[in-house]
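S.K.: Predicted model and sequence below, questions to follow.
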Amino acid sequence: GENVEQHPSTLSVQEGDSAVIKCTYSDSASNYFPWYKQELGKRPQLIIDIRSNVGEKKDQRIAVTLNKTAKHFSLHITETQPEDSAVYFCAARSTASKLTFGTGTRLQVTL
Amino acid sequence: GAGVSQSPSNKVTEKGKDVELRCDPISGHTALYWYRQSLGQGLEFLIYFQGNSAPDKSGLPSDRFSAERTGGSVSTLTIQRTQQEDSAVYLCASSLENTGELFFGEGSRLTVL
């Protein structure tokens, strides 16, 4: 089955700096890669996703890149703000299989 | 309702008792997942239902755990003879299609005394 590794487990950045979270996956058949944000005490919510037919996707201050050859994908947050502080989960899935999550990254944006 | 609904939101039980947790997915969503999240930890996969296919039960931690999904809609997660290590938030999620966005419920917080 799919195995997703995520790094780092914790990340602290100053407000305004960029944050990068990286994930690797094992199943070359995986074709869907979402990122979820979970604020303290809240449910996880999708913030951005990418499919295997594109290499990069942006939405305002967040972007995701995908390298299918190396089987890794990354989340980039620019101009970080205190409200970006949360736990971020990457995930991967191939068609007709379950979504497998990474172990999460706790992002702390300090003033 | 508009979102995934879970009940109860909080459950306190004594060790050895059985508990049932319920999930009402978004109408029409064919995929349904159960995850467990201990305090400050990640999302531990438990079970996955997709349409009429046999469920993927590979994440269930022991035979005390079981789940069913009736009529392709509501799902119930049952934990028998609860143990203190079962204490966690149990999250249910559903998606429209196999490759769609997962929508999570608010979770059921289980405390086993």
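M.R.: It's in. Numbering: from 1, shown residues only, chains lettered A, B, ... in the order given.

S.K.: Just the pLDDT for residue 43.
M.R.: No chain was given, so I picked chain A. With respect to pLDDT, A:R43 scores 95.

S.K.: please go with chain B instead
M.R.: Note on B:L43: pLDDT of 93.

S.K.: shaky segments in chain B?
M.R.: For chain B, applying pLDDT under 70 flags the ranges B:1, B:98-99.

S.K.: Could I get the full set of strands for it?
M.R.: According to DSSP state E, chain B carries its strands in the segments B:5-7, B:10-13, B:19-24, B:31-37, B:44-50, B:65-69, B:75-79, B:88-95, B:103-104, B:108-112.

S.K.: and residue 57, what does it touch?
M.R.: Just going to use chain A. A:I48, A:D49, A:I50, A:A63, A:V64 (Cβ atoms under 8 Å, 6 or more residues apart in numbering or on different chains). In this view, the C-beta of every residue, glycine as well, is placed from N, C-alpha and C.

S.K.: not quite, I wanted chain B
M.R.: Under the criterion of Cβ under 8 Å, 6+ apart, the contact list for B:K57 reads B:I47, B:A67.

S.K.: Kindly state the beta-bridge partners for the spatially most central residue of chain B.
M.R.: Closest residue to the average C-alpha location of chain B: B:W34 at 3.4 Å, with Cα atoms, centre = their mean. On DSSP bridges, the residues paired with B:W34 through beta bridges are B:I47, B:C92.

S.K.: thinking it is in contact with B:P55, fair?
M.R.: No - taking Cβ atoms under 8 Å as the definition, B:W34 is not a contact partner of B:P55, at 9.8 Å.

S.K.: what touches both of these two?
M.R.: Residues touching both B:W34 and B:P55 (Cβ under 8 Å, 6+ apart): B:I47, B:Y48, B:A67.

S.K.: Can you get me a residue count around the first one?
M.R.: The burial count assigned to B:I47 is 22, neighbours taken as other Cβ atoms under 10 Å in any protein chain shown.

S.K.: From what I see, it and B:A67 are in contact.
M.R.: Yes - the pair B:I47 and B:A67 passes the contact test of Cβ under 8 Å, sitting 4.8 Å apart.

S.K.: Need the residues touching each of these two.
M.R.: Both B:I47 and B:A67 are in contact with B:W34, B:P55, B:K57, B:L60, B:L77, where contact means Cβ under 8 Å, 6+ apart.

S.K.: for these, which one is nearest chain A?
M.R.: Sorting the shared contacts of B:I47 and B:A67 by distance to chain A puts B:P55 at the head of the list, at 9.9 Å, by Cβ to the nearest Cβ.

S.K.: How about the closest one, nearest residue that isn't a chain neighbour?
M.R.: Counting by Cβ to Cβ, 6 or more residues apart in numbering or on different chains, B:P55 lies nearest to B:F49, which is 4.8 Å off, once chain neighbours are set aside.

S.K.: Could you pull up the residues touching that neighbour?
M.R.: Contacts of B:F49 (Cβ under 8 Å, 6+ apart): B:A31, B:L32, B:Y33, B:P55, B:A67, B:R69, B:S75.

S.K.: Show me which residues of chain B are close to chain A?
M.R.: Proximity of chain B to chain A, by Cβ under 8 Å from any Cβ of the partner chain, involves residues B:33, B:35, B:41-43, B:45, B:48, B:50, B:56, B:58, B:91, B:98-99, B:101-102, B:104-107.
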